[in-house]
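Student: could you work out the structure for the sequence below:
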Amino acid sequence: MTVRRSAAALAATAAALCAAAAPAAVAAPSPSPSAALPSGLYGTNDPTYDGVWRQSLAFLAQQTAGVTPAAKAVDWLTGQQCDSGAFPAYRADASVPCTDKTMVDTNATAAAVQALRTVGGHQDAVANAVSWLKSVQNEDGGWGYTAGSPSDANSTSLVIGALARAGEKLGDVTTHGGKTPYAALLTFSIPCGGKDGGAFAYQPDKAGKLAANGDATAAGVLGALGKGLVVPDNAAVKDPACHKGSPLEPEQAAQNGASYLTTALAKSGHLDAAPMPGAEDSKPQPDFGNTADAVVALSAAGHKDKAAASVTWLEKNSAAWAKQSGPAAYAQLILAAHATGTDLHDFGGTDLVARLNATGPEPAAVKKPTATATEEEEKKDSGDGDGIGGVWWFVGIGLAVGAGAGFLISGRRKNQQL
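Tutor: Numbers count the residues shown, from 1 in each chain. Sure, this is the predicted structure:
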């Protein structure tokens, strides 16, 4: 599992996150176990590494079910933002101004942009965050987890989605050398023809080689399509295929990634987590979060029929994982269910929306959005910015505690070969 703070999924334990090969600077000290968590924050697990991520995913998931989060929950998220526009993973005392030592990151910021854009009424916060993201774009056109770190597929995809969701035209988001975000993202796409053809790598290794990574592929599909973490229930189209040749168009790279995910999921219905250091010979363990992210990616690419078995597997097996992992995990399952037209309130016998709502302050309102409102929101999602076939976007994941969780925050480093 790649730690996707981009997505589909940030909140393993501190030990798991450290093992995800994140920059050392990200490892901020954990809050005291006795310290009370903010009343507006979702979840009860240590938020040091995923507070903003899980809050953002919760808002995005609730939006699909017509749930309006409590004002204090939204205030908590906006209060995490630094004056620069960036968001850290978590800061315990938001009354203390951020400094150059505050560990802000692109994944938390990208997830927060999407969440606040969805909640509405926070245009200034969104604009400031977008300005910061654009200011830390790497010369290759992409983004790393922290400002200035090498670009990776997950972070680049999460930021693409955030910018598109905020209405930016991705073709205009360029470096001094004219590189767009897609110039960077496509460098992580593995050519068709080999064992792992079509997959996305998280980053090249020291020798410049690309290794297939399930989480990076799910994120890369969404990024290449210009889609965000919230994907509507799309009708299935023709079977995915791997497009050979170079250079690839973003749409082709997305379909290549979908082809790889289809094959990776076909045997068991789920993706496997990368073994923890020292446990390489142990039996592979299912990765619930990355599997949910793969479901969203396949639906976004027009292949939700290829994700049906994975949805069934998640319905049967994910309850204990989600209960332990908390809000980001429930959010990932909701986003997967939403993307495939699966019942959010009876997901293998679990009301995912009720479970998610119970992890935070009581929502301000719970109601089913009208079809017109939903269609209009999805039209905005698919129309923001210019993109492949007129489509641009983005969750961004991302990961939940011990989950191997997201597209992101999310956002979700460890290199997994499937």
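
Student: helix or strand right after whichever strand or helix holds Ala320?
Tutor: Using DSSP states H and E, the element containing Ala320 is helix 319-325. Following helix 319-325 in sequence order, the next helix or strand is helix 327-340 (DSSP H and E).

Student: buried ones in that next one?
Tutor: By 16 or more other CB atoms under 10 Å, the buried positions in helix 327-340 come out as 327-340. The C-beta positions use only the backbone N, C-alpha and C, and glycine is treated the same way.

Student: among those, find me the one that's closest to Lys316.
Tutor: Nearest to Lys316 out of those is Leu333 (CB to CB; 12.3 Å).

Student: test my guess that that closest one contacts Trp313.
Tutor: No: contact criterion CB atoms under 8 Å: Leu333 and Trp313 do not qualify, at 11.8 Å.

Student: tell me where the stretch 151-300 of the chain has strands.
Tutor: Ranges of strands in the stretch 151-300 of the chain, per DSSP state E, counting those that start in this stretch, are 271-273, 285-287.

Student: out of those strands, which is closest to Lys323?
Tutor: Comparing the strands of the stretch 151-300 of the chain by CB to CB, strand 285-287 comes nearest, at 15.7 Å.

Student: how far does the closest one sit from the chain's center?
Tutor: Taking the mean of its C-alpha atoms, strand 285-287 sits 18 Å from the chain's own mean (CA atoms, centre = their mean, to the nearest Å).

Student: mind giving me the packing neighbours of that strand?
Tutor: strand 271-273 (3 or more CB pairs under 8 Å, 6 or more residues apart in numbering; DSSP states H and E).

Student: so what does the strand it packs on touch, helix or strand wise?
Tutor: helix 214-225, strand 285-287, helix 288-300.

Student: redo these as a markdown table? Include mean pLDDT and distance to Leu186.
Tutor: A markdown table is the format used below for the helices and strands packed on strand 271-273 (pLDDT from 0 to 100; distance: least, CB to CB, whole Å):
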| stretch | mean pLDDT | distance to Leu186 |
| --- | --- | --- |
| helix 214-225 | 96 | 8 |
| strand 285-287 | 94 | 25 |
| helix 288-300 | 97 | 16 |
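
Student: between those, which gets nearest to Arg355?
Tutor: Among the helices and strands packed on strand 271-273, helix 288-300 comes nearest to Arg355, with 14.3 Å by CB to CB.

Student: packing partners for that closest one?
Tutor: helix 214-225, helix 250-266, strand 271-273, helix 308-317, helix 319-325, helix 327-340.

Student: returning to that earlier point: out of the strands of the stretch 151-300 of the chain, which one sits most buried?
Tutor: strand 271-273 (a mean of 24; mean count of other CB atoms under 10 Å).

Student: could I get the helices and strands packed on strand 271-273 as JSON lines with distance to Pro204?
Tutor: Putting those into JSON lines (distance: least, CB to CB, whole Å) gives the following:
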{"stretch": "helix 214-225", "distance to Pro204": "12"}
{"stretch": "strand 285-287", "distance to Pro204": "22"}
{"stretch": "helix 288-300", "distance to Pro204": "20"}
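
Student: mind listing what's buried along stretch 270-289?
Tutor: Quick answer for stretch 270-289 (16+ other CB under 10 Å): His270, Leu271, Asp272, Ala273, Ala274, Pro275, Pro286, Asp287, Phe288, Gly289.

Student: over to stretch 207-225?
Tutor: Neighbour counts over stretch 207-225 (16+ other CB under 10 Å) mark 210-225 as buried.

Student: in the residues you listed, find the pair that's most separated.
Tutor: Across those, the longest distance by CB to CB is 22.5 Å; it joins Ala211 and Leu225.
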